[in-house]
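K.L.:
the following comprises the amino acid sequence and a computationally predicted model.
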Amino acid sequence: MSKANPIKAVRALIPAPIETPCGCIVRPVTLGMFAVLERISSPLLGETPVDGALSLVPSLYALTHDPADALSGDLFARSMAWADTLPPAALVEIRDAAERQVQAMLDVVPEPKDSKKKATTDGSPRSPSGAPKPTDGAGARSYGKSPQARLRSSGGNGRSPGE
């Protein structure tokens with residue numbers, strides 16, 4: 001469980017489906033659903049940019065259906081047939097609920113450990129020269145944005161702000 005925010009961790013461990021105003025149920029992101037979203041290169045994961053509604057429909061379909069269903073047959077054809085039954089306003093409703101479900105999952109995913117980093121002492125990397133470098137004090141650390149925070153602040157397009 002995340003020490004930084006145990007409430008978010010508990011919510012992600014016991015996720016609830018989200019019902020949208022248009023009546024669609026957006027499922028929580030389980031390991032199976034994450035695998036589906038990863039397999040289809042979902043723009044909701046921030047790896048690929050959102051390129052209009054057409055790029056979102058398969059992801060939204062997957063999140064409103066069983067993961068096994070999303071992987072059987074032609075996902076694009078089934079997702080387009082499903083989208084054709086919904087009003088245009090449903091896109092925003094389902095996308096917003098889907099982004100909340102993805103965010104709930106990202107809130108508890110541990111940061112990947114950088115295998116290139118050397119051993120650390122008291123949380124600070126060792127200096128390559130061996131001598132410690134001056135700091136602004138014991139509590140002075142850089143709290144730059146994590147990869148998940150960069151994903152959120154970039155609007156989910158996988159780009160850094162300003163690109």
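P.N.:
Looks like it arrived, so ask away. Numbers count the residues shown, from 1 in each chain.

K.L.:
mean confidence (pLDDT) on the longest helix along the chain, please.
P.N.:
In the chain, assigned by DSSP state H, the helix with the most residues is helix 89-106. Averaged across helix 89-106, pLDDT comes to 91.

K.L.:
buried sites along it?
P.N.:
90-91, 93-95, 97-98, 101-106 (16 or more other CB atoms under 10 Å). No exception for glycine: its C-beta is placed from N, CA and C like everyone else's.

K.L.:
counting contacts, what elements does it pack onto?
P.N.:
If contacts are counted by 3 or more CB pairs under 8 Å, 6 or more residues apart in numbering; DSSP states H and E, helix 89-106 sits against helix 6-13, strand 18-19, strand 25-26, helix 53-63, helix 147-153.

K.L.:
6 Å - rerun?
P.N.:
Helices and strands touching helix 89-106, by 3 or more CB pairs under 6 Å, 6 or more residues apart in numbering; DSSP states H and E, are strand 25-26, helix 53-63.

K.L.:
let me have the ones you listed in TSV, extended by mean neighbour count.
P.N.:
What follows is the helices and strands packed on helix 89-106, written out as TSV (neighbours: other CB atoms under 10 Å):
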stretch	mean neighbour count
strand 25-26	18
helix 53-63	21
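
K.L.:
can you put these in JSON lines and add distance to residue 18 and mean pLDDT?
P.N.:
Formatted as JSON lines, the entries for those read as follows, by distance: least, CB to CB, whole Å; pLDDT from 0 to 100:
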{"stretch": "strand 25-26", "distance to residue 18": "5", "mean pLDDT": "94"}
{"stretch": "helix 53-63", "distance to residue 18": "9", "mean pLDDT": "92"}
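
K.L.:
among these, which is nearest residue 40?
P.N.:
Taking CB to CB as the criterion, helix 53-63 is the member of the helices and strands packed on helix 89-106 that comes nearest to residue 40, at 5.5 Å.
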